[in-house]
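Asks: got a sequence here, can you build the structure:
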Amino acid sequence: MAAIIYDPVQFSKKLEKMRLAGGKARVAARQAEELIQELAGSDHLDQKLSGKLTKNGEARMENCCKFHLVSGHRLVMAKKDGYFVFLFLGTHDETDNWIKNNAGCKLDLSRGEIVSCSCSPSEAIPEDAIEGWACSDDDFYDRPLHEIIDQQTLREIFQGLCTQSGKTTAC
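Replies: Residues are numbered from 1 along each chain as shown. Here you go, the predicted model:
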């Protein structure tokens, strides 16, 4: 399977903007490029890449999924006609807005740009080259609340749920 950048002009502008922003945005841009290169040289999503997908997938677009990048950034991809089609790159909120605005659109692959693979499929990218790839502490969008806030704080926030008519219930 080959990889296609669906809107190469906008995608390149976004990559460049993220690189220039530096910090976590630069890391997210690099992660996206590495992921695209890896899939350009592959015919399927292996276990390692599947683990980088968001938990809930993406039901608003046909055959679509999102990849976690550092600090809440997302890379949106669809599978169509034997291609991995990369649709959008951005923050969690930018991605959500983009998907809302483009839900139901039919993909015209002729407007995309095929990505050439710079490595052979058997040549893996070393783990240490993918800095901060896994859901980092900064990627709080998809983490359960109990992993971010301790039990005492939750009890204080939801105090009304833990007390009924002056009696404390098990919370």
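
Asks: in this structure, which spans are helices?
Replies: Ranges of helices in the chain, per DSSP state H, are 8-21, 23-40, 47-50, 92-102, 145-148, 151-157, 159-162.

Asks: what's the domain layout of this structure?
Replies: Per automatic domain parsing, the structural domains of the chain span 2-139, 140-171.

Asks: what's the least confident stretch among the helices of the chain?
Replies: The minimum mean pLDDT among the helices of the chain belongs to helix 145-148 (a mean of 61).

Asks: so what does L45 look like in phi/psi?
Replies: phi -80, psi 110 (degrees, to the nearest 10).

Asks: next up, the contacts around it.
Replies: By CB atoms under 8 Å, 6 or more residues apart in numbering, the residues touching L45 are L39, L53. Glycine gets a C-beta too; all of them are placed from N, C-alpha and C.

Asks: winner for burial among the domains of the chain?
Replies: Ranked by mean neighbour count under mean count of other CB atoms under 10 Å, the domains of the chain are led by domain 2-139, which reaches a mean of 16.

Asks: if we can go back for a sec, which one of the helices of the chain lies closest to M77?
Replies: helix 23-40 (7.8 Å; CB to CB).

Asks: quick one, the closest one and helix 8-21 angle?
Replies: Angle, helix 23-40 to helix 8-21, by axes from the mean of the first three to the mean of the last three CA atoms, to 10 degrees: 140 degrees.

Asks: can I get the CA coordinates of helix 23-40 in PDB?
Replies: What follows is helix 23-40, C-alpha atoms only, in PDB (Å, rounded to 0.1, in the frame of the first residue of the first chain):
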ATOM      1  CA  GLY A  23       8.700  22.800  21.100                       C
ATOM      2  CA  LYS A  24       6.000  20.200  21.200                       C
ATOM      3  CA  ALA A  25       4.600  21.300  17.800                       C
ATOM      4  CA  ARG A  26       8.000  20.600  16.100                       C
ATOM      5  CA  VAL A  27       8.100  17.200  17.700                       C
ATOM      6  CA  ALA A  28       4.500  16.500  16.500                       C
ATOM      7  CA  ALA A  29       5.500  17.500  13.000                       C
ATOM      8  CA  ARG A  30       8.500  15.200  13.100                       C
ATOM      9  CA  GLN A  31       6.300  12.300  14.400                       C
ATOM     10  CA  ALA A  32       3.800  12.800  11.600                       C
ATOM     11  CA  GLU A  33       6.500  12.800   9.000                       C
ATOM     12  CA  GLU A  34       8.100   9.600  10.400                       C
ATOM     13  CA  LEU A  35       4.700   7.900  10.600                       C
ATOM     14  CA  ILE A  36       3.900   8.800   7.000                       C
ATOM     15  CA  GLN A  37       7.200   7.500   5.800                       C
ATOM     16  CA  GLU A  38       6.800   4.300   7.700                       C
ATOM     17  CA  LEU A  39       3.300   3.700   6.200                       C
ATOM     18  CA  ALA A  40       4.500   4.700   2.700                       C
END
